[in-house]
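Peer 1: Sequence first, predicted model second:
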Amino acid sequence: MLPRWLWIAGMVALLGGLLVYLDPRAPQEVAVDPAAQAEEPNHVLEGADMTLFGADGLIQQSIRTPHLVHIPQDSLTQVEMPRARLFDEQRREWLASADSGTVDIASHHLTLSGSARLVAPESGWQLDSEVLHYDSRQAHAWSDAPVVLQHPPQHMRALRMDTWLNDSQVRLTGDVQGYHPAATHEQEETP
């Protein structure tokens, strides 16, 4: 029969080998999930300016943001506190801003979320909504959320809005309400 110390040494060696085999910290082969890779950002930029050009080589939209994250697999760029300059076909500048936004690079579609605002500096009109979509190829902005359109002292509210920058047209739909003070005789005579 084997001595007792040899028997104990053999059991310790066997248990040690078993523990090494079962050790969860050991290197393991892990397959990479391609679907998970699709959501990984490729670029993260601080204090970024992004400009999208149209087929004619002219600027369609320019966005300034303190924080930009680009996910190339989805052609999406997420921006925080974006300040955008949008241009129509007559090269008029429109200003847009929000708390956050997403730019689809492939379709040139901009979505602004959280206190979204669109301003026409030349005419003084301002549109506010929680969500604002913009297609720079069509120069078409719209919102399916409640909107407020104002040019003091005038203001209007609606449940939905479409505006075409190239045509300077706005369509408000759904429970449209507004305040339009009558022009006074003095205002009509002012050149």
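Peer 2: Nice, I can see it. Residues are numbered from 1 along each chain as shown.
Peer 1: Show me what the helix ranked longest in the chain packs onto, helices and strands only.
Peer 2: In terms of residue count, the longest helix belonging to the chain (DSSP state H) is helix 4-22. If you count contacts as 3 or more CB pairs under 8 Å, 6 or more residues apart in numbering; DSSP states H and E, helix 4-22 packs onto no helix or strand. Backbone N, C-alpha and C define where each C-beta goes, glycine included.
Peer 1: Adjust the sequence numbering to begin at 604 for everything that follows.
Peer 2: Okay, using 604 as the starting number, the last item reads as helix 607-625.
Peer 1: Report the contact partners of Val734.
Peer 2: Taking CB atoms under 8 Å, 6 or more residues apart in numbering as the criterion, Val734 is in contact with 714-716, 719, 746-748.
Peer 1: so where does the closest residue to Val734 other than its chain neighbours fall, helix or strand?
Peer 2: Counting by CB to CB, 6 or more residues apart in numbering, Val734 lies nearest to Ala748, which is 4.7 Å off, once chain neighbours are set aside. Assigning secondary structure by DSSP states H and E places Ala748 outside every helix and strand.
Peer 1: quick one on the thing from earlier: I'd like the contacts of Val734 written out as a markdown table, with distance to His673 and neighbour count added.
Peer 2: Below are the contacts of Val734 laid out as a markdown table (distance: CB to CB, whole Å; neighbours: other CB atoms under 10 Å):
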| residue | distance to His673 | neighbour count |
| --- | --- | --- |
| Thr714 | 15 | 17 |
| Leu715 | 17 | 28 |
| Ser716 | 18 | 17 |
| Ala719 | 21 | 26 |
| Ser746 | 25 | 23 |
| Asp747 | 26 | 15 |
| Ala748 | 26 | 15 |
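Peer 1: in this structure, which spans are helices?
Peer 2: Counting by DSSP H, the segments of the chain that form helices are 607-625, 637-640, 788-792.
Peer 1: per-residue confidence for Thr766?
Peer 2: On the pLDDT scale, Thr766 is placed at 91.
Peer 1: how many neighbours does it have?
Peer 2: Here the neighbour count serves as a burial measure; for Thr766 (other CB atoms under 10 Å) it reads 24.
Peer 1: What residues are bridge-paired with it?
Peer 2: The bridge-partner assignment for Thr766, based on DSSP bridges, gives Ala744, Val773.
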